[in-house]
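> give me a model of this one.
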Amino acid sequence: MKKIFSTACPRNCYSTCSFKVHVENNRIINIDPHPDNKSTPEGICLKGLSYVERAHSKDRILFPLKRNLRGGFDRVSWDDAIQEISGKLKEYKNEFGPKSVLYYAASGMAGYVNELSEKFWELYGGATTMFGNLCWPAGLEAIHLTLGDNKHNVPWDIENAKLIILWGKNPAETNIQQMIFIEKAQQKGAKLIVIDPRRTPSSERADLLIQPKPGTDAALALGIAHLLFENNQIDKSFVDQYVLGFDKFVESISMYTPEKVTEITDVPVDFIKELANDVGKIKPMTLVPGYGMQRFANGGQTIRSLLALNVLTANIGKPGACFHYANLQSYVFDVLKEPMSYYPEMNSNPKFRRSVSMALLGEDMLLQKNPELKMIWVERGNPVTQNPDTNTVLKAFRKLDFRVVVEQFLTDTAKEADIILPAKNMFEQTDIIGSYWNPYVQLKPKVVEPAGEVKPESEIYYLLAQKLGYSNSEIEKYLPVPGNENIETHLKEKLKTFPELSWDSLKERPAIAPGNEEVAYSNLKFNTPSGKIELRSEVANKKWGVNELPTYEDPYKGEKDMYPLKLLSPNTKNRIHSQFGNLDVIRQFDPEPYAVVSIRDANERRIIEGDRIKIYNDRGELTTKAKLDFSLKKGCVVYYNGLWLQEGGTSNLLSKGRETDMGHGTAFHDCCVEVERIKDNPSQVFVKGGINE
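Predicted structure coming up:
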């Protein structure tokens, strides 16, 4: 009998769409929009629609696998897999201590039940864990320093804006639901400006496209702030009452004349003046920064510089007036709101005091002593592909004695494992999720039985704990007894803290998070040390060693002297990082990898459309097909985020492991390369000191 369930997408994506899933004979057969989510009323994207295939893919891992002597994998029983893993865990704990095991978990699937993974490692006696994040913490910290909290107006409030600036963001591909509200605002007369080195589908809807050099966005923002002051377009009454550090900030930006900003950014003076004039005159303004800009070494200071434009023009706390970066109001179960949870010093549990940086994964793994790392456990992530400096990550992985990866598909990381355990998909266990864009708390129910011999991670951990010799009473202090009904009981207990959130209601539709502010900061209260908006932050200097004021620093420094082209690795509409690209329904639209090269850079290198090219620097190289683009800014080359080594290579073969200026973020984009044409050379991956697979 066919059943229809209300559910939500748990991927690491802005939209966190609600949808209705149709189930028949334990199979996902259709997906429909869910109109009760005002943020995502028109349905999910192509990736979401591909869940029909993904849930039942012929390539899905359905049984435990063990590496054989030929380098491939053989099916093994759960008993054998659990026996071997528990034996290794006992051995390493007894001989070297629990911190000889690295527990790596990423953001491949969101949900509150994920906390149970850490509970197992606490029961085990601890482990080496991760700090920082690959995604957004430099921007989170910048906003935290300035405004005190990470929140923004509800998504549909953009309709009220008269000026919308998409700064380094391309929602027409990566946040399609947001375009609904942008287009409604445009129909009411709003002006849309896009700032991006690329000409994207979002910029095709814009009134103005500005293309700065990558990494120079802070200089452009400070130049606009300079002109706002020069043209007497500061909201002085707002600044006097609510802002700390205005005078020193104005003094610090005196050098950012239009001519100086043009020299830094390559944006023409007339465009800088038009942009400043629009920011100064058109209200209300919503500025929507993308996450790419804060993935430079200067990322935190860049976001502080952009946010200053909202502050100076009083575009905060009003309908249509918003800095639309991250909204953590629906993360109702979080004890520590991000970004604080990313900091190693905020982890009060002594069992997890030793941790390694997400941004420096390979390097930090190799540096661990007393004890050295002997084993890694990976879940919800694909670090070989997605962490910087793939060559060093591979070296660190291959130095370990034992590797366990919990996965749905044979990813690049799974191929490095000694044992692969089949991971649940989003339909096979109940959970509750929030969103970093929309204001809803959502129930993601179990709607089908796990395929093959798949077990949810919580059940895997329970079995491991039993095999390690813990009593049932000890285990149940940390982990629920296996069974989805016990997971639901666990979640219902958590919901009791929030009487506004009814389990029965959540089964039908998403619910606005308790206490959500539809217009963020409408009370003009700011959770900063001074109680004001802090353009000048003493904490920024004491904690991170950056200037108290927003500044521009060149993120490339010596790198651009070695290689002339800046590598951009944006997200694509066909993937969420390294997920979805392996599915047939996606491949029909995106059949093979390619790099986008500016026509002028291509001409200088005698590259024509379709040529095979080598992209390289001193960290590695990859080969791919060239696609020429007249609109891409000269000096840039694009190779999309999320491609696998098995497909021809990840951009992280070329990136360096380094942190952002604040927040322990990851500076992927400070990456310069050279490109050259190659003849009659099949696609391959160069893995320094490793194996071509």
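
> once you drop chain neighbours, what's closest to residue 661?
Leaving aside its sequence neighbours, residue 661 sits nearest to residue 300 (C-beta to C-beta, 6 or more residues apart in numbering; 4.8 Å). In this view, the C-beta of every residue, glycine as well, is placed from N, C-alpha and C.

> quick one: list the elements packing against the host helix or strand of the one you found.
Counting by DSSP states H and E, the element that carries residue 300 is helix 299-312. Contact partners of helix 299-312 among helices and strands, from 3 or more C-beta pairs under 8 Å, 6 or more residues apart in numbering; DSSP states H and E: helix 137-147, helix 217-230, strand 285-289, strand 322-323, helix 538-544.

> what packs against the last one?
What it means is helix 538-544. Helix 538-544 packs on helix 137-147, helix 299-312, going by 3+ C-beta pairs under 8 Å, 6+ apart.

> cool, the shortest one as well?
Secondary structure elements in contact with strand 322-323, counted by 3+ C-beta pairs under 8 Å, 6+ apart, are strand 285-289, helix 299-312.

> same check on the third one?
Under the contact definition 3+ C-beta pairs under 8 Å, 6+ apart, strand 285-289 sits against strand 163-167, helix 299-312, strand 322-323.

> just give the nearest non-adjacent residue to the residue nearest in space to the middle of the chain, would you?
In the chain, the C-alpha closest to the average C-alpha coordinate belongs to residue 135, at a distance of 3.4 Å (C-alpha atoms, centre = their mean). Ranked by C-beta to C-beta, 6+ apart and with sequence neighbours excluded, the top spatial neighbour of residue 135 is residue 291, at 6.3 Å.

> tilt between the helix holding residue 300 and strand 163-167?
With axes from the mean of the first three to the mean of the last three C-alpha atoms, to 10 degrees defining the directions, helix 299-312 sits at 170 degrees from strand 163-167.

> any idea how far helix 299-312 is from the chain center?
20 Å (C-alpha atoms, centre = their mean, to the nearest Å).

> all the helices of the stretch 151-300 of the chain, in order from the start?
171-174, 176-187, 217-230, 236-242, 246-252, 258-265, 269-281, 299-312 (DSSP state H, counting those that start in this stretch).

> buried residues, the fifth one. List them.
Of the residues in helix 246-252, those buried under the neighbour-count criterion (16 or more other C-beta atoms under 10 Å) are 246, 249, 250, 252.

> got the CA coordinates for it in CSV?
Extracted in CSV, the C-alpha atoms of helix 246-252 (Å, rounded to 0.1, in the frame of the first residue of the first chain):
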residue,chain,number,x,y,z
PHE,A,246,32.8,54.1,14.3
ASP,A,247,35.3,57.0,14.5
LYS,A,248,38.3,54.7,14.5
PHE,A,249,36.8,52.7,11.6
VAL,A,250,36.3,55.7,9.5
GLU,A,251,39.9,56.8,10.2
SER,A,252,41.2,53.3,9.2
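
> so what's residue 61 closest to, chain neighbours aside?
For residue 61, the spatially nearest residue (C-beta to C-beta, 6+ apart) is residue 422, at 4.5 Å.

> below-threshold pLDDT in this structure: ranges please.
335-353, 558, 560, 680-693 (pLDDT under 70).

> how is it carved up into domains?
As given by automatic domain parsing, the domain ranges for the chain are 3-54, 65-127+341-424+450-464, 137-328+519-544, 559-686.

> what's the spacing between the top strand by length along the chain and its chain's center?
Scanning the chain for the longest strand, with DSSP state E as the assignment, gives strand 620-629. Computed by C-alpha atoms, centre = their mean, the chain-centroid distance of strand 620-629 equals 24 Å.

> and the contacts of that strand?
199, 390-391, 592-599, 602, 607-616, 638-639, 648-650, 653-654, 675, 677-678, 681, 683-688 (C-beta atoms under 8 Å, 6 or more residues apart in numbering).

> quick check: which of the helices of the stretch 151-300 of the chain is nearest to residue 396?
helix 299-312 (24.7 Å; C-beta to C-beta).

> keeping just the C-alphas, turn the closest one into CSV.
Provided in CSV are the C-alpha atoms of helix 299-312 (Å, rounded to 0.1, in the frame of the first residue of the first chain):
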residue,chain,number,x,y,z
GLY,A,299,37.8,35.3,5.4
GLY,A,300,36.8,36.5,8.8
GLN,A,301,38.0,40.1,8.2
THR,A,302,36.3,40.0,4.8
ILE,A,303,32.9,39.2,6.3
ARG,A,304,33.4,41.9,9.0
SER,A,305,34.1,44.4,6.2
LEU,A,306,31.0,43.4,4.2
LEU,A,307,28.8,43.5,7.4
ALA,A,308,30.1,47.1,8.0
LEU,A,309,28.0,48.2,5.0
ASN,A,310,24.8,47.1,6.7
VAL,A,311,25.9,48.7,10.0
LEU,A,312,26.7,52.1,8.5
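
> about what we covered before: shouldn't the residue nearest to residue 661 be in contact with residue 543?
No. Using C-beta atoms under 8 Å, residue 300 makes no contact with residue 543, being 10.6 Å away.

> look at those two and report which has more neighbours.
Neighbours were tallied for residue 300 and for residue 543 using other C-beta atoms under 10 Å; the higher tally belongs to residue 300 (30 against 15).

> residues in contact with the more buried one?
Going by C-beta under 8 Å, 6+ apart, the list of residues near residue 300 reads 138-139, 141-142, 294, 540, 544, 546, 660-663, 665.

> picking up where we left off before, what's the closest of the helices of the stretch 151-300 of the chain to residue 38?
The nearest among those, by C-beta to C-beta, is helix 176-187 at 9.8 Å.

> for that closest one, buried residues please.
Neighbour-count burial for helix 176-187 [16+ other C-beta under 10 Å]: 176, 177, 178, 179, 180, 181, 182, 183, 185, 186.

> same check on stretch 262-278?
Within stretch 262-278, the residues scored as buried using 16+ other C-beta under 10 Å are 262, 264, 265, 266, 267, 271, 272, 275, 276, 278.

> and stretch 596-603, by the same measure?
By 16+ other C-beta under 10 Å, the buried positions in stretch 596-603 come out as 596, 597, 598, 601, 602.

> make JSON lines out of those residues and add distance to residue 17 and secondary structure.
Shown next, in JSON lines, are the buried residues of stretch 596-603 (distance: C-beta to C-beta, whole Å; DSSP: H, G, I helix; E, B strand; the rest coil):
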{"residue": "596", "distance to residue 17": "28", "secondary structure": "strand"}
{"residue": "597", "distance to residue 17": "34", "secondary structure": "strand"}
{"residue": "598", "distance to residue 17": "34", "secondary structure": "strand"}
{"residue": "601", "distance to residue 17": "37", "secondary structure": "helix"}
{"residue": "602", "distance to residue 17": "38", "secondary structure": "helix"}
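
> does residue 432 count as helix, strand or coil?
Classification of residue 432 using DSSP: H, G, I helix; E, B strand; the rest coil returns strand.

> surely it is in contact with residue 115?
No. Between residue 432 and residue 115 there is no contact under C-beta under 8 Å: 11.1 Å.
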